[in-house]
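> The following block contains a protein sequence and its predicted model.
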Amino acid sequence: MTEGFEVDAQDALGRVAELAVPRADATVTTPALMPVVNPNRETIDPARLPAFGAEIVITNAYIIHSTDQLRDRALADGVHDLLGVDTVIVTDSGSFQLAEYGDIDVTTEEILAFQDAIGADVGTPVDVPTPPDADRERVEADLATTRDRLETAAAVDTGDMLVNAPVQGGTFPALREAAARHAAGLALDVYPVGAAVPLLNAYRYADVVDVVLAAKRGLGPGVPVHLFGAGHPMMFALAAAMGCDLFDSAAYALYARDDRYLTVRGTEHLEDLRTFPCACPVCTDHDPATVRDLEDADRERLLAEHNLHVSFAELRRVRQAIHHGDLLELVETRARGHPALLEGYRRLLAATDQLEAADPASKATFFYVSPESAARPEVTRHHRRLENYALEGEVLLTEGGAEDDYGTCWSVTPPFGPHPPALNRTYPLTAETPDPVGRAGQEAAARGVARLVEANASASFTLAHDGWPATALEIVPDSVALVDLSTPREAPDR
């Protein structure tokens, strides 16, 4: 585990943690949102950002280094004085400019030394972001350069400044995992998943999930992970559930500049709004028509303020969900707001082994709120535990009551499947589910039945189900006798 990164609560791969930042003599609570501060254009006075909830901000050291007036002031007074903030400051190295323009005139040694000299709390080497869908040959070449630069960064004396170790690798999960393993071995401090911005901008959330999960496998569980460019509140819950601890947002300002209004369900254009669906100070004190009539600078500022309010409100909601143990319910709710988010959530659930290994064994009540709930790690864990039971003789697995004709009688609770009645009041079998739970939950329960039957080949099983569909019953082994409780009872064919 990275020194100075202590996890307080976890749900799925998400965690609430404390990240110690020695140079700032501060601790940042994660998940944390870092507003991007453009030193050449301030939409909102950076000194006001803590009032919205910001404990940490990010700015671009390359822009400061390349602008004479900014560079001289930063070297003389420090980057905190330059921006007018006393929060933790992360500085980027110019890798974004490298991706945009193909070249920058600074080396890793130079930019790290500059970030150290201006008093940055967390600095960044010059990695090479590879665009999505680049061929493997290019990805491997870029990755080799990034690895060399990370090794250079690890050898630079930066005092008590923390140093980022960006994880690249394009859209090749195996390369991302290998790059993450290499970065983790260098004993740097924070691990950004790089080159995700084009994927996020294109709503390719499923690809983002693949990239992040691969990086997490290589990094291991005990280090802080930053998802570069994850600035829209609609995907904070999903990003946290993937195990990302830091997000950066330029969106609050960029979207405001284009008259765009952020919500947790997506983005609205100011011209389309007749009322503000938000209770932040901006939205309670103004109406859309009034804001539309303002001068450009005032309209941009108010929209940026709203965008920050809604972003930090969602961040607080994510933290509380992790503490309470219902982060995945929040993700499911958000996933219903956009098809790309739903696709990303399904991709996350497909990594059931990785999720289940980190997910707490007991937490708040399991709420079954969508078909995707049937694929959650709690269900997977219950199915695995079924292999530990040894049963003999005639066994009834039932959604109804116990019957004396059987030596052993177990309950069946979709989506989990069979379990001893003594566990009826234990987590996660206390789940709140709709009635009926639906096909996905019944199919998951059938997989649990199959798991138990396969582990107990010498026992004889009967399944009394409440009108399961054919897709679920096809999963049940042929050796199991079936009774449909939703129709008049007949003696089972044993």
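Here it is on my side, so go on.

> residue contacts, Phe366?
With contacts defined as Cβ atoms under 8 Å, 6 or more residues apart in numbering, the neighbours of Phe366 are 373, 376, 378, 427-428, 430-432. Glycine gets a C-beta too; all of them are placed from N, C-alpha and C.

> looking at it, Pro469 is touching Arg439, isn't it?
Yes. Using Cβ atoms under 8 Å, Pro469 makes contact with Arg439 at a distance of 5.4 Å.

> returning to what we had before: show me how to select, in ChimeraX, the buried members of the contacts of Phe366.
If you want just the buried ones from those in ChimeraX, going by 16 or more other Cβ atoms under 10 Å, the selection is:
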select :373,376,378,427,428,431
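
> Take the contacts of Phe366 and lay them out in TSV including secondary structure, distance to Ala206 and pLDDT.
Converted to TSV, the contacts of Phe366 look like this (DSSP: H, G, I helix; E, B strand; the rest coil; distance: Cβ to Cβ, whole Å; pLDDT from 0 to 100):
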residue	secondary structure	distance to Ala206	pLDDT
Ser373	helix	19	96
Arg376	coil	18	96
Glu378	helix	22	96
Tyr427	coil	30	94
Pro428	coil	26	96
Thr430	coil	32	95
Ala431	coil	27	96
Glu432	strand	28	96
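
> nearest to Ala120, of the contacts of Phe366?
Arg376 (40.2 Å; Cβ to Cβ).

> For the stretch 101-250 of the chain, which segments count as helices?
Taking DSSP state H, counting those that start in this stretch to define them, one finds helices in the stretch 101-250 of the chain at 108-117, 136-155, 173-184, 197-201, 205-219, 236-242.

> so of those helices, which one's packed in deepest?
Of the helices of the stretch 101-250 of the chain, the one with the most neighbours on average (mean count of other Cβ atoms under 10 Å) is helix 236-242, at a mean of 29.

> As CSV, the helices of the stretch 101-250 of the chain with distance to Glu300 would be great.
What follows is the helices of the stretch 101-250 of the chain, written out as CSV (distance: least, Cβ to Cβ, whole Å):
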stretch, distance to Glu300
helix 108-117, 29
helix 136-155, 36
helix 173-184, 37
helix 197-201, 21
helix 205-219, 28
helix 236-242, 23
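
> Please identify which of those is closest to Asp8.
Across the helices of the stretch 101-250 of the chain (criterion: Cβ to Cβ), the nearest stretch is helix 236-242, sitting at 13.7 Å.

> How about residues contacting that closest one?
Defining contact as Cβ under 8 Å, 6+ apart, one finds that helix 236-242 is touched by 11-14, 31, 33, 205, 208-209, 212-213, 216, 227, 230, 247, 311, 314-315, 317-318, 321-322, 327-328, 330-331, 333-335, 341, 344-345, 348.

> let's see it at 6 Å
Here helix 236-242 makes contact (Cβ atoms under 6 Å, 6 or more residues apart in numbering) with 12-14, 31, 212, 227, 230, 314-315, 318, 327, 330-331, 334, 344.

> picking up where we left off before, His306: which of the helices of the stretch 101-250 of the chain is closest?
helix 236-242 (16.2 Å).

> Please state the offset of stretch 384-396 from the chain centre?
Chain-centre distance of stretch 384-396: 36 Å, with Cα atoms, centre = their mean, to the nearest Å.

> Name the residues of it that come out as buried.
For stretch 384-396, the neighbour count (16+ other Cβ under 10 Å) marks 386, 389, 391, 394-396 as buried.

> Now the two most distant members of these.
Every pair of these checked by Cβ to Cβ; the farthest is Leu386 and Glu394, at 18.0 Å.

> quick revisit: just give me the closest of the buried residues of stretch 384-396 to Ala184.
Leu386 (34.9 Å).

> What's the separation between the closest one and Arg451?
5 Å (Cβ to Cβ, to the nearest Å).

> Then Arg347?
Arg347 is 24 Å from Arg451, by Cβ to Cβ.

> do the same with Phe366
19 Å.

> Ile63 too?
Distance from Ile63 to Arg451, by Cβ to Cβ: 56 Å.

> Over to Pro46?
Counting by Cβ to Cβ, the gap from Pro46 to Arg451 is 55 Å.

> One more: Ala445?
For Ala445, the distance to Arg451 - Cβ to Cβ - is 11 Å.

> neighbour count winner among these two?
Relative neighbour count places Ala445 above the other of Ala445 and Arg451, with 29 against 19, counting by other Cβ atoms under 10 Å.

> residues in contact with that one?
414-415, 417 are the contacts of Ala445 under Cβ under 6 Å, 6+ apart.

> Please spell out the PyMOL selection for the buried subset of the residues you listed.
The PyMOL selection below is limited to those of the contacts of Ala445 classed as buried (16+ other Cβ under 10 Å):
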select buried, resi 414+415+417
